[in-house]
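How does the following fold in three dimensions:
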Amino acid sequence: MGSNNPENRRPMSGALTYPASSQQSPAQRVAEQPRQPRSLQGLLRFAMEATQAEDAPGNSEVGPLDEERRQFLEDALKSLQVNVAEVLENAIKVLTNSAKMNSIQLGEALPDDVKNAFTVLLDYVEDLDVANDFYKMGGFAVFAICYGSENEEVRSRASSLLGTLCQNNPFCQTRALECGLLNVLLNLVESERGVTLAKCLFAISCAVREFEPSCRELIAQGGCYTLLQLLSVPEPAARTKAAFLVRYFAQHYSEAKEQFVKENIVRTITALIEKGRDESTEHLLSILQVMSDDLDPKVLSQCRDPSLKLETVLKNYLKRPELKDDRYCEEKEYCNELLNRIFNQQQRVDHVEELADR
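Have a look, this model is predicted:
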């Protein structure tokens, strides 16, 4: 068995160590030194303990932090610091290298430096200040190159980056609108598929939500019709994101709602619900709930169209075995609310008219 004497213990591989004062015996050094730090938090704790020992008045047992230890601590802290501006600049250089980016062919795996550039940027630009700095450093130039790539992963990662930059960030939302990126995205969603389509819709959502100028631009550019068409794409993830945006616009912008009514969104949603349930169905039901919330006569008329059989579709949906699970309680609530709002009210009106005719 190994000795319990601290002087005989071997240092842990990878652990931070620091030089001991030459003026103290080994026993004194072991007794007085704080626990050796193994992380940034531990390193900071070590600094606090060392400073506290240095500043403690009347403590004759612990001497001041000598220059040798102080220098070691400063060097250790510097080694853990990251020059964020330099990291951003290097990543931007990689992604704006048009020759390199254009050489990535359709279906080809991304080179490691390109993949790492996207990964590093996504890690840092979640911070709003870093996101704003990214733009000021010319970072938005990456999008013209990346969205022009034939490689779907490049475009997908570009959308993830743009969405992260714009999410809850009016500064970057403004810059994205000024740079014409919203129009680029609205054009791309008409041809993208799969994960790339879902990421594109994510970027649109982050670029417009809670930012009225971009919402108005989307409506003006025919984006409502585009979103309505996307409710019928085969990928549930993309349908879910499209449905989320449709609900948002129907709830907050009357002109968008009018466009949805004009395109008879009720017919589209009824047909989708009748096909079966998936992750997008809850959002489709929520669209009907928002559209009929103010009892708009046009919407109610579409819902009560006998050819749609919406009442039957909703009642059959409530019979689905998976809806017995409490996880789907919102879907059940939407169905029951719609049945009561649209059809029970109609039955009451019909009953009153019947009595009046007698």
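
got any ranges where the stretch 151-300 of the chain has weak pLDDT?
Along the stretch 151-300 of the chain, no part satisfies pLDDT under 70.

all helices of it, in order?
152-166, 170-178, 181-188, 194-208, 212-220, 223-230, 236-252, 254-262, 265-275, 281-291, 297-303 (DSSP state H, counting those that start in this stretch).

closest one to Gln105 among the ones you listed?
With C-beta to C-beta as the criterion, Gln105 lies closest to helix 152-166 of these, at 10.5 Å. C-beta here means a position set from N, CA and C on the backbone, and glycine is covered the same way.

Could you check the angle that closest one makes with helix 212-220?
Calculated by axes from the mean of the first three to the mean of the last three C-alpha atoms, to 10 degrees, helix 152-166 forms an angle of 140 degrees with helix 212-220.

List the contacts of helix 152-166.
101, 104, 106-107, 109-110, 114, 118, 121-122, 125-126, 131, 134-135, 142-143, 146-147, 149, 172-173, 176, 181, 185, 188, 192, 194-196, 199-200, 202-203, 205-207 (C-beta atoms under 8 Å, 6 or more residues apart in numbering).

Buried ones among these?
Among the contacts of helix 152-166, those classed as buried by 16 or more other C-beta atoms under 10 Å are 101, 104, 110, 114, 118, 121-122, 125, 131, 134-135, 142-143, 146-147, 149, 172-173, 176, 181, 185, 188, 192, 195-196, 199-200, 202-203, 205-207.

which one of the helices of the stretch 151-300 of the chain lies closest to Glu337?
Evaluated with C-beta to C-beta, the helices of the stretch 151-300 of the chain place helix 281-291 nearest to Glu337, the distance being 6.3 Å.

just checking, what packs against that closest one?
helix 236-252, helix 254-262, helix 265-275, helix 329-338 (3 or more C-beta pairs under 8 Å, 6 or more residues apart in numbering; DSSP states H and E).

want to try a markdown table for those helices, with distance to Leu308 and mean neighbour count as columns?
Output for the helices and strands packed on helix 281-291, formatted as a markdown table (distance: least, C-beta to C-beta, whole Å; neighbours: other C-beta atoms under 10 Å):
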| stretch | distance to Leu308 | mean neighbour count |
| --- | --- | --- |
| helix 236-252 | 18 | 21 |
| helix 254-262 | 14 | 17 |
| helix 265-275 | 5 | 19 |
| helix 329-338 | 13 | 16 |
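
Same list (those helices) but as TSV, adding distance to Ala158.
Shown next, in TSV, are those (distance: least, C-beta to C-beta, whole Å):
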stretch	distance to Ala158
helix 236-252	17
helix 254-262	27
helix 265-275	29
helix 329-338	33
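
Isn't Tyr317 up against Leu272?
No. Proximity of Tyr317 to Leu272 does not meet the contact threshold set by C-beta atoms under 8 Å, at 11.2 Å.

Can you say which of the helices and strands packed on helix 281-291 is nearest to Gly222?
helix 254-262 (8.7 Å).

Which neighbouring elements make contact with that closest one?
Secondary-structure packing of helix 254-262 (3+ C-beta pairs under 8 Å, 6+ apart): helix 212-220, helix 223-230, helix 236-252, helix 281-291, helix 297-303.

repeat that for 10 Å
helix 212-220, helix 223-230, helix 236-252, helix 265-275, helix 281-291, helix 297-303 (3 or more C-beta pairs under 10 Å, 6 or more residues apart in numbering; DSSP states H and E).

can you put these in JSON lines and add distance to Leu165?
Shown next, in JSON lines, are those (distance: least, C-beta to C-beta, whole Å):
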{"stretch": "helix 212-220", "distance to Leu165": "13"}
{"stretch": "helix 223-230", "distance to Leu165": "20"}
{"stretch": "helix 236-252", "distance to Leu165": "18"}
{"stretch": "helix 265-275", "distance to Leu165": "31"}
{"stretch": "helix 281-291", "distance to Leu165": "25"}
{"stretch": "helix 297-303", "distance to Leu165": "36"}
